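Visitor: The sequence and its predicted three-dimensional model are supplied below.
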Amino acid sequence: MISGKFAITIHILTLLHKFPNDYLSSEFIAGSINLNPVLVRKEIANLKAHHIVESKEGKNGGTKLAVNAAELTLKQIFEMTFETIGLGFAKNQPNPDCPVGKNINQHLENLYSEMNQKVSAQLEGISLEDFSNQF
C-alpha cells in the first residue's frame, strides 16, 4: 500500500545531501518534515541497514549521508522503502461465480505490476543529487 515513507525518506536524504559536512540530529530533520523524531529515527535505521547513511552518537551526533548522491537513484531509495506499490484489494473474497469477481484480483495484480515497472523506469533516471538540486 502507498504510504508517506518514500516522501519521508527522500526528505531525509535531501537534507543530508544539502548539509554534506554535518551530522544532522533527528530533531533537526523532524523539524524540517514536521514529524515526530521517533518516526525519523525509524526511517534512518532503515537507511543505516542499507548502508546509505552513517550515524554518530553524542552531543554533536546525528546522521550523515554515506554514499555519493549522484550514484544513488530514486529507484534504489524506493526499493529500500517499499518492495512494490499497490492500491490494495477488497477485504472480502470476490464471488468466484461472477464474471468480474472471479478475475478481478488477477487483473489488479497485472495493473499493479505494470505500474511498478513504469514507476521504477522513471525513478531509475533520477539520482538523489538530481532531485536535491531542485532546492
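Guide: That came through fine. Numbering: from 1, shown residues only.

Visitor: Go through the chain and flag its longest helix.
Guide: helix 104-124 (DSSP state H).

Visitor: right, and the helix or strand after that helix?
Guide: Sequence-wise, the next helix or strand downstream of helix 104-124 (DSSP states H and E) is helix 128-132.

Visitor: Just checking the distance from that following helix to the centre of its chain.
Guide: On the basis of CA atoms, centre = their mean, to the nearest Å, helix 128-132 sits 14 Å off its chain's mean C-alpha point.

Visitor: Ok, stretch 50-61 next?
Guide: With CA atoms, centre = their mean, you get 19 Å for stretch 50-61.

Visitor: Stretch 104-115 now?
Guide: On the basis of CA atoms, centre = their mean, stretch 104-115 sits 22 Å off its chain's mean C-alpha point.

Visitor: The residue sitting furthest away from the middle of the chain and Asn103: what is the separation?
Guide: Farthest-out residue of the chain from its mean C-alpha position, per CA atoms, centre = their mean: Asp97, at 39.3 Å. Using CB to CB, to the nearest Å, one gets 12 Å for the distance from Asp97 to Asn103. C-beta: built from backbone N, CA, C; applies to glycine.
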